[in-house]
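S.K.: no FASTA, just this:
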């Protein structure tokens, strides 16, 4: 049955407005490919610990807004992942899927995707498995601005559902599931 209820996923309204009202700048095919590639590249570089690659295409004042942590500046983002890579990256793969990119009215661009977090290798916290395990999924919003090339200015991970297979308490699970705009009202970042 169809209803007039608002969807539960916190997808930016501008994404849909860009298709209905034709708002925002028009992105060329080349721009769209670059933005999709950088959306994918961010996660591949993160998983393989190529932080220098990420730093090459983020702005100096890059903002990382995740339930794990809120960091401002490319160096602060890199230092966060370097300090926590054993816990957050060992055997884990991040996969953005259903990527849509669109231009904003302020001459910036946005990439919206679902982010799947999969556990591929065994750790002391997760049992041995022949199959990857989906340990979390959420909404990833990347805001880019043009500085000769598209640079990532802000990355927000929203409404991340964390599987019971990942060993966190229910309060932390609730915190991860919150919208980014509500997280500070619940409690501080984990790291």
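M.R.: Now that the structure is in, tell me what you want to look at. Since we're looking at a predicted model, the values are computed, not measured.
S.K.: Could you use CA atoms for every contact and neighbour count after this?
M.R.: Noted.
S.K.: Residue 158 contacts residue 64, correct?
M.R.: No. In this structure residue 158 lies outside contact range of residue 64 using CA atoms under 8 Å: 11.5 Å.
S.K.: Which residue of those two possesses the greater neighbour count?
M.R.: The residue with more neighbours, out of residue 158 and residue 64, is residue 158; 27 against 21, by other CA atoms under 10 Å.
S.K.: okay, which residue is most central for this protein?
M.R.: The centroid of the chain falls nearest to residue 140 when counting by CA atoms, centre = their mean (3.5 Å).
S.K.: Who is it paired with across the strands?
M.R.: Assessed by DSSP bridges, residue 140 has beta-bridge partners residue 113, residue 157.
S.K.: thinking it is in contact with residue 158, fair?
M.R.: Yes. The pair residue 140 / residue 158 is scored as a contact, 6.4 Å apart, by CA under 8 Å.
S.K.: any common contacting residues for these two?
M.R.: Common neighbours of residue 140 and residue 158, using CA atoms under 8 Å, 6 or more residues apart in numbering, do not exist here.
S.K.: tell me the mean pLDDT over stretch 25-38?
M.R.: For stretch 25-38, mean pLDDT rounds to 95.
S.K.: Would you mark the buried spots in that stretch?
M.R.: The neighbour-count criterion (16 or more other CA atoms under 10 Å) identifies 26-27, 31-32, 35-36, 38 as the buried residues of stretch 25-38.
S.K.: JSON lines for these, including distance to residue 149?
M.R.: Below are these laid out as JSON lines (distance: CA to CA, whole Å):
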{"residue": "26", "distance to residue 149": "16"}
{"residue": "27", "distance to residue 149": "13"}
{"residue": "31", "distance to residue 149": "9"}
{"residue": "32", "distance to residue 149": "12"}
{"residue": "35", "distance to residue 149": "10"}
{"residue": "36", "distance to residue 149": "13"}
{"residue": "38", "distance to residue 149": "11"}
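S.K.: As a check, name the ranges of all strands in this protein.
M.R.: Applying DSSP state E to the chain gives strands spanning 58-65, 70-72, 92-103, 109-119, 133-147, 149-162.
S.K.: Mind listing what's buried along the longest one?
M.R.: The neighbour-count check on strand 133-147 (16+ other CA under 10 Å) flags 133-145 as buried.
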